[in-house]
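Q: quick one: sequence plus predicted model below, questions after.
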Amino acid sequence: MPKFLLKRWHGLHILWIFTVLTVLIFTLMLYEWVLGVIALIVCGVLAYYTLKAEQAFRHDFNVYVGTLSHRIKKAGSEVIHELPIGILLYNEEKVIEWHNPYVAKMAGKESLIGEPLAEVFPEFKGRKDKDHKLEVTVGKDIYMVQIRPDERLLYFTEITALKTLTARFEEERLALGIVTMDNLDEATQGMDDQTRSIMMAKVTGEITEWAQRNNIYLRRTSSDRYLILMNQKGLKALEQSRFEILDEVRDLTIDNKLPLTLSIGIASGTDSLTELGQLAQTSLDMALGRGGDQAAVKIGERLSFYGGRSNAIEKRTRVRARVISHALRDLIKECDKVIIMGHRNPDMDAIGAAIGVLKAAHVGNKEGYIVLEGVNPSIRKLMEAIYEDEDLNRWFITPEQAMQITNQRSLAVVVDTHKATMVAEPKLLQLTSRKFIVDHHRRGEDFIQDATLVYMEPYASSTCELVTELLQYFNENMSMGVLEATALLAGIVVDTKSFSLRTGARTFEAASFLRRNGADSALIQKLLKEDLEDYIQRSEIIKNAVVIHDHIALAVTEPDRKYPQLLIAQVADTLLTMTGVMASFVISERPDGLIGISARSLGQINVQVIMERMGGGGHLTNAATQLEGTVAEAEAQLRQILSEMDAEEGLFE
């Protein structure tokens, strides 16, 4: 405690005593005046001492305050000059008025006073005055600037070490992946042991060399499966190379009857090893569900795909079809009714597959219903035939009717799509926990969650082909009506363009089974006949088509003309038959006001990836999307994406 404060305390103490004594003296003088006079003299002495003490206190206090103000001012000045942060003041014209030495040292100059703020720190150009933080780079150092616009004050704090550490942390985060050989059994079927061993040695050597070249830890877990570990930096390098190992392995085995292809699933962005492993497996499932021969990379919320240039390899064994068929039979036995639905605006494949699943439900002695809302031109003739068939027509219901009869014991079957947002009535999926998905499209991100059973085979020509195979194993005494078998065969015919595209041995086997069960090919031709007016409209669109990138046909309709999605798709199919055309795109405004794009290819170009960049999806050779905006905007966006992909991968060479 300062000395003058001690004096102050003593003075107050004596003053208190003096007050008490005064009261006692006056009391004493009433009885003994002599003693009272003596006491009065003593009180006078005390009063004098108290007065002197108060004067001394005031003098010492003034001296202390003066000294303290000087010390504080001096300390404040020294602190501002020695602070490990920069402080800068600027005027209304954003010209530097004052700064502490830290700012001068930071900028490498003796003084910045009088210089425009934006010239010294370009990051401030065009920025409005508001409270916020800003990162500024000066030389090799990075600073966080705290802006106080009301005081026109800036605080600079160096964060170079923090940014370096953060970047290093991000680069060294673990990424886990799984590499699998898609079609090892199919590719090696018929090979002798020596030939198989030589081929496997070449492929394993190629994968091992790729791993060493990219600093990847590789561990073989089975004959056709590898576990890979890398950091985030290595993963970025793989993405930049667009996973060249996919092409290297395919080219290495190109001389085989069936080239061997790889699928890769990689996950990163989480610190939990358990979650990382689950995400890696999910990514691999996504790659396989899209047909294989590609890599799926999951980083946080971002999911990216690389490769996917070849068609999915048809599986020669039907074991999975038999297992799925028996599982479906058990699901039907356990439910009270079967609710079947395809995608919105269903095509021939969706309706045919739905009728096939309806047949399975009836064979399983359960009621089955097909959810249908509206009839589009592509299925109008088929639905007219169904309306004339009372036994089949009564099982078609509206989404509203389906909502009323669906419960937790119902089985919801989704055909020809796997996206929750595309089904006829998404709310139905929330009313039951039993879901079965059968689809031939490559798997996308918006996958129906918690499905009880999934049968997705991208190699298949159509969903009708998959459903037909399920029916073959569903019941030994399976018999179908003419219209049922015809609807299934019509779905195959439409999706394969009369067996000219995406057909395999199993496609013809499924068609043969349907023909044996009464499918009428003449009726199919009648169902697929088109109107003369539609043919003329297609011709008008085709005459405006142009060829870009040497092998891509692009047709764009006039802004004031609207065409249905079916007609747009038919034009894309027609353009694909032209000489030298490997892929076709047709852009038009639809009756609902959206801009529709239909994409087709012969297999050399993956139109699914292109449409996914525009918010759509589909199959390697058959994809589409719908956009808001104008035809011109959609055309400009498509052209930009095609140019980017050509520059990245030489896609159209």
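A: That came in fine, so what should we check first?

Q: quick one: which helix or strand includes the residue nearest to A361 when sequence neighbours are not counted?
A: Counting by C-beta to C-beta, 6 or more residues apart in numbering, A361 lies nearest to G368, which is 3.1 Å off, once chain neighbours are set aside. Glycine gets a C-beta too; all of them are placed from N, C-alpha and C. Take DSSP states H and E as the rule and G368 turns out to sit in strand 367-371.

Q: contacts for that strand, please.
A: 336-341, 351, 354-355, 357-358, 360-362, 395-399, 401-402, 405, 424-425, 428 (C-beta atoms under 8 Å, 6 or more residues apart in numbering).

Q: and the residue lying farthest from the centre of the chain, what does it touch?
A: Going by C-alpha atoms, centre = their mean, the residue of the chain most distant from its centre is V34, 105.0 Å out. Applying C-beta under 8 Å, 6+ apart to V34 gives no contacts.

Q: quick check: next helix or strand after the strand holding G368?
A: Immediately after strand 367-371, counting by DSSP H and E, sits helix 380-387.

Q: in that following helix, which residues are buried?
A: 381-383, 385-386 (16 or more other C-beta atoms under 10 Å).

Q: pLDDT on the helix or strand just after it, on average?
A: Scanning forward in sequence from helix 380-387 by DSSP H and E, the next helix or strand is helix 390-393. Average pLDDT, helix 390-393: 88.

Q: adjacent strands (with direction) for the helix or strand following helix 390-393?
A: Next along the chain after helix 390-393, taking DSSP H and E as the criterion, comes strand 396-397. Next to strand 396-397 in the sheet, as set by DSSP bridges, lie strand 367-371 (parallel).

Q: now do the helices in the stretch 151-300 of the chain.
A: Assigned by DSSP state H, counting those that start in this stretch, the helices in the stretch 151-300 of the chain fall at 160-171, 184-188, 193-213, 232-240, 245-252, 273-289.

Q: re the thing from before, confidence score at the residue farthest from the centre of the chain?
A: For V34, pLDDT reads 71.

Q: helix or strand for it, which one?
A: helix 33-82.

Q: returning to what we had before: how about the strand holding G368, which residues are buried there?
A: For strand 367-371, a neighbour-count test (16+ other C-beta under 10 Å) marks 368-371 as buried.

Q: make TSV out of the buried residues of helix 380-387 and add pLDDT and distance to V493.
A: Listed next are these as TSV, based on pLDDT from 0 to 100; distance: C-beta to C-beta, whole Å:
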residue	pLDDT	distance to V493
K381	90	13
L382	91	12
M383	92	17
A385	92	15
I386	92	17
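
Q: which parts of this protein belong to which domain?
A: 3-82, 86-163, 172-307, 319-527, 535-649 (automatic domain parsing).

Q: check the offset of the shortest one from the chain's centre.
A: In other words, domain 86-163. 38 Å (C-alpha atoms, centre = their mean, to the nearest Å).

Q: quick check: end-to-end length of it?
A: 18 Å (C-alpha to C-alpha, to the nearest Å).

Q: quickly list what the residue most central in space within the chain is bridged to.
A: Compute the mean C-alpha point of the chain, and by C-alpha atoms, centre = their mean the closest residue is R302, 3.8 Å away. Beta-bridge partners of R302, counted by DSSP bridges, are I299.

Q: still on that earlier bit, which stretch in the helices of the stretch 151-300 of the chain has the least confidence?
A: Minimum mean pLDDT among these: helix 184-188, a mean of 80.

Q: now the strands for the stretch 401-550 of the chain?
A: Remark: strands assigned in the stretch 401-550 of the chain by DSSP state E, counting those that start in this stretch are 411-415, 434-439, 453-456, 546-548.

Q: mean pLDDT for those: which is lowest?
A: strand 453-456 (a mean of 88).
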